[in-house]
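Chemist: the sequence and its predicted three-dimensional model are supplied below.
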There are 2 protein chains.
Amino acid sequence: MSSQTFELLILGSSSASPTSERNPSAQLLNIAERYFLIDCGEATQIQLRRFKAKFQAIDHIFISHLHGDHFFGLPGLLSSMHLLGRKQEITVYCPKELKDVMDLMNKVSDTHFNFTVNWVFTNNDGLNLIFEDDKVEVYSFPLKHRIFCTGFLFKEKPLPRKIDKYKLDKYKVSTADILQLKNGNDVVNKEGVIIKNKQVTIDPREPKSYAYASDTIYFPAIIDHVKGVDLLYHESTFLNDKKERAEKTYHSTAEQAAQIAKAANVKQLLLGHFSARYGDLEQFIAEAQPFFDNCLLATDGKRITI
Amino acid sequence: MSSQTFELLILGSSSASPTSERNPSAQLLNIAERYFLIDCGEATQIQLRRFKAKFQAIDHIFISHLHGDHFFGLPGLLSSMHLLGRKQEITVYCPKELKDVMDLMNKVSDTHFNFTVNWVFTNNDGLNLIFEDDKVEVYSFPLKHRIFCTGFLFKEKPLPRKIDKYKLDKYKVSTADILQLKNGNDVVNKEGVIIKNKQVTIDPREPKSYAYASDTIYFPAIIDHVKGVDLLYHESTFLNDKKERAEKTYHSTAEQAAQIAKAANVKQLLLGHFSARYGDLEQFIAEAQPFFDNCLLATDGKRITI
């Protein structure tokens, strides 16, 4: 059992315009108490409050593309962070034009944040490592939409090996060597004998991963990038009844999302970015399940432990 | 009795950051079925839906100034109007830099509205007529804030004279002459006799007026512009306990708002733009009433018939 958190909170699940039930795209991913905000549609700051999420704990914001339903909430969120006293820097991973937008917003309102905004610009060159610390890696990868758009892949790094405390005693290993053991190294015990790591540790659970793919036309090129992830969010703006419209607007249907999930052999599929025309979302599950069984719906406020 | 509507709907009453109870500034004013949106903080489109207001009936949007809590909802509102099929032109009355913001937003998102946006830029030169039709006049007037900011004055034009139907018969006036009578003219009756307008008409009610003053430091120069209005909205971001902070940030206290209302001899005062620090808003009424009795609170969703 590992206690490292890997939890997703859906803040918005609507495409294009908000509805009375669904806000535009935004998700909050917590991996080991790192809070990653993924997309930031209008009123994301209001949704964060509504679902009692840690507002100022967000240090990294990922914006897939510059259609309004994915970033119109960013100026307000950053402004509120500023007004509420934030000093800690924040990093935004996004298409480069977003910086121009924020610069102009701040200029016309004569606003000067009391914290630094770092900008990391996404690009179209395959899978790209854009963030890394001791526990997490984040990659961007290209999607295919009407304008430049990337998905994001969040991966835990391999977890430390787990100590078998009973065996520590048995093999007379000093507790000072625990960090060495957690890192997978062999150690010398109190009697000068080399103790192989595997003699006193057990395998940790596998690292978990989450891939976010919104917005995109059916685009099999992403399969390689999201292969085997624990959870794949794939947009399904439409059902098959609007397959032509999906193609024309560079969106996907629930069936197409399921086909990608199946081909990538992911563990679970999360459908979202629903067109406002659909009231009953169970239709999306019904359409996807014949192709990929383990799927669920992104609805505002839903929490998913991965 | 006239049935011409003059109704205000509060969409947001918070200053700076939204709270769980209060959205940032926005109001919808309906005068004779002309829908005027006044300021457009983040999530105004969501508030319009929530309070079942007529979204696409808005043809005129007035933005007081370019602090985010007064305009961050505009890009999303215009985008949704576009996505929901709007063809009818809309006019935005605002500081000129807002057009640059919208142009850049549309450029980065490759968005082309299917309707025309007309821009009328506000200025600092006293009371300025910025809109007029057969029933309504709208003026801007300068406020004093950290950045360029104007208030707005909405006035009904004089209403048509009311016909006394009993006297029409008595004086043998043709019904074909009713429009002439409503406009205040004398007419010649069926027997060739001149009938004075006042013989067959009665006075309509006085034209109503509404003035919007947000955001501003205590600024007696506005008194002349809002003199005698039926309803004055005056910001009261703070109470007197934060009078220094009000001055420093170019905002007003409830007492100062009441002093302006009293000096301008308005009929009713509406307080709003409350700092998030205040939970119990009744304190604002308590502070204002010793100076101006007839005052009320702007709270989200409140409808005020003027």
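Modeler: Structure's in. What do you need?
Chemist: need the residues of the stretch 1-150 of chain A near chain B, please.
Modeler: A:16-20, A:23-24, A:42-43, A:45-46, A:49-50, A:66-69, A:72-73, A:75-76, A:79-80, A:83-84, A:95, A:97-98, A:100-101, A:104-105, A:107-111, A:146-147 (CB under 8 Å from any CB of the partner chain). Any C-beta I mention is one placed from the backbone N, CA and C, and that applies to glycine too.
Chemist: filter these to the buried ones?
Modeler: A:16-19, A:23-24, A:42-43, A:45-46, A:49, A:66-69, A:72-73, A:75-76, A:79-80, A:83, A:95, A:97-98, A:101, A:104-105, A:108-109, A:111 (16 or more other CB atoms under 10 Å in any protein chain shown).
Chemist: okay, and which of those map to strands?
Modeler: Using DSSP state E, no member of those falls in strands.
Chemist: and the nearest residue to A:Ala43 once chain neighbours are set aside, what does it touch?
Modeler: Take A:Ala43 and drop its neighbours on the chain: the residue closest to it by CB to CB, 6 or more residues apart in numbering or on different chains is B:Ala43, 4.0 Å away. B:Ala43 makes contact with A:Glu42, A:Ala43, A:Ile46, B:Gly12, B:Pro18, B:Asn23, B:Pro24, B:Gly73, B:Gly76 under the criterion CB atoms under 8 Å, 6 or more residues apart in numbering or on different chains.
Chemist: bridge partners for the fourth one, pull those for me.
Modeler: It refers to B:Gly12. B:Gly12 has these beta-bridge partners by DSSP bridges: B:Ala26.
Chemist: check the burial of it by counting its neighbours.
Modeler: By other CB atoms under 10 Å in any protein chain shown, 28 other residues sit near B:Gly12.
Chemist: give the contact list for it.
Modeler: B:18, B:22-27, B:39, B:41, B:43-44, B:47, B:300.
Chemist: what's the most distant pair in those residues?
Modeler: B:Pro18 and B:Gln27 (15.4 Å; CB to CB).
Chemist: let me see the mean pLDDT of the longest helix seen in chain A.
Modeler: Longest helix of chain A, by residue count under DSSP state H: helix A:97-108. Rounded to a whole number, the mean pLDDT of helix A:97-108 is 97.
Chemist: render the CA-only coordinates of the helix or strand immediately after it in the chain in CSV, please.
Modeler: Next along the chain after helix A:97-108, taking DSSP states H and E as the criterion, comes strand A:117-121. C-alpha atoms of strand A:117-121 as CSV (Å, rounded to 0.1, in the frame of the first residue of the first chain):
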residue,chain,number,x,y,z
VAL,A,117,4.8,33.8,-13.8
ASN,A,118,7.1,31.5,-15.7
TRP,A,119,6.1,30.6,-19.2
VAL,A,120,7.0,27.3,-20.9
PHE,A,121,5.7,27.2,-24.4
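Chemist: mind listing what's buried in strand A:117-121?
Modeler: Quick answer for strand A:117-121 (16+ other CB under 10 Å): A:Val117, A:Val120.
Chemist: okay, now the sheet partners of that strand, with direction.
Modeler: Assessed with DSSP bridges, strand A:117-121 is paired to strand A:90-94 (parallel).
Chemist: and the partner strand with helix A:97-108, angle?
Modeler: On the basis of axes from the mean of the first three to the mean of the last three CA atoms, to 10 degrees, strand A:90-94 is oriented at 130 degrees to helix A:97-108.
Chemist: over to the residue in the stretch 151-300 of chain A that chain B sits nearest to: give its phi and psi.
Modeler: Residue nearest to chain B within the stretch 151-300 of chain A (CB to the nearest CB): A:Ala276, separated by 8.7 Å. In terms of degrees, to the nearest 10, the main-chain angles of A:Ala276 are phi -60, psi -20.
Chemist: which residues touch it?
Modeler: A:Ser14, A:Ser15, A:Ala16, A:Ser17, A:Thr19, A:Arg22.
Chemist: check what pLDDT the fifth one gets.
Modeler: Listed pLDDT for A:Thr19 reads 90.
Chemist: look up phi and psi at it.
Modeler: Torsion angles, degrees, to the nearest 10, at A:Thr19: phi -120, psi 180.
Chemist: skipping adjacent residues, who's closest to it in space?
Modeler: Per CB to CB, 6+ apart, closest to A:Thr19 is A:Ala276, 4.8 Å.
Chemist: ok, and the closest non-adjacent residue to A:Val138?
Modeler: Spatial nearest neighbour of A:Val138, chain neighbours left out: A:Phe131 (4.0 Å); criterion: CB to CB, 6+ apart.
Chemist: surely the one you found is in contact with A:Thr122?
Modeler: No. A:Phe131 lies out of contact with A:Thr122 (CB atoms under 8 Å); the separation is 11.4 Å.
Chemist: what separates stretch A:180-194 from the chain centre, distance-wise?
Modeler: 37 Å (CA atoms, centre = their mean, to the nearest Å).
Chemist: mind exporting that stretch as PDB, just the C-alpha atoms?
Modeler: Output of stretch A:180-194 as PDB, limited to C-alpha atoms (Å, rounded to 0.1, in the frame of the first residue of the first chain):
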ATOM      1  CA  GLN A 180      19.900   3.700   0.400                       C
ATOM      2  CA  LEU A 181      17.500   0.700   0.500                       C
ATOM      3  CA  LYS A 182      14.500   2.700  -0.700                       C
ATOM      4  CA  ASN A 183      16.600   3.900  -3.600                       C
ATOM      5  CA  GLY A 184      17.300   0.300  -4.600                       C
ATOM      6  CA  ASN A 185      20.900   0.000  -3.400                       C
ATOM      7  CA  ASP A 186      22.500  -2.900  -1.500                       C
ATOM      8  CA  VAL A 187      24.000  -2.100   1.900                       C
ATOM      9  CA  VAL A 188      26.500  -3.500   4.400                       C
ATOM     10  CA  ASN A 189      25.000  -4.500   7.700                       C
ATOM     11  CA  LYS A 190      26.100  -4.100  11.300                       C
ATOM     12  CA  GLU A 191      28.300  -7.200  11.000                       C
ATOM     13  CA  GLY A 192      30.000  -6.100   7.800                       C
ATOM     14  CA  VAL A 193      28.000  -8.400   5.500                       C
ATOM     15  CA  ILE A 194      26.700  -7.200   2.200                       C
END
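Chemist: good, we can wrap up now.
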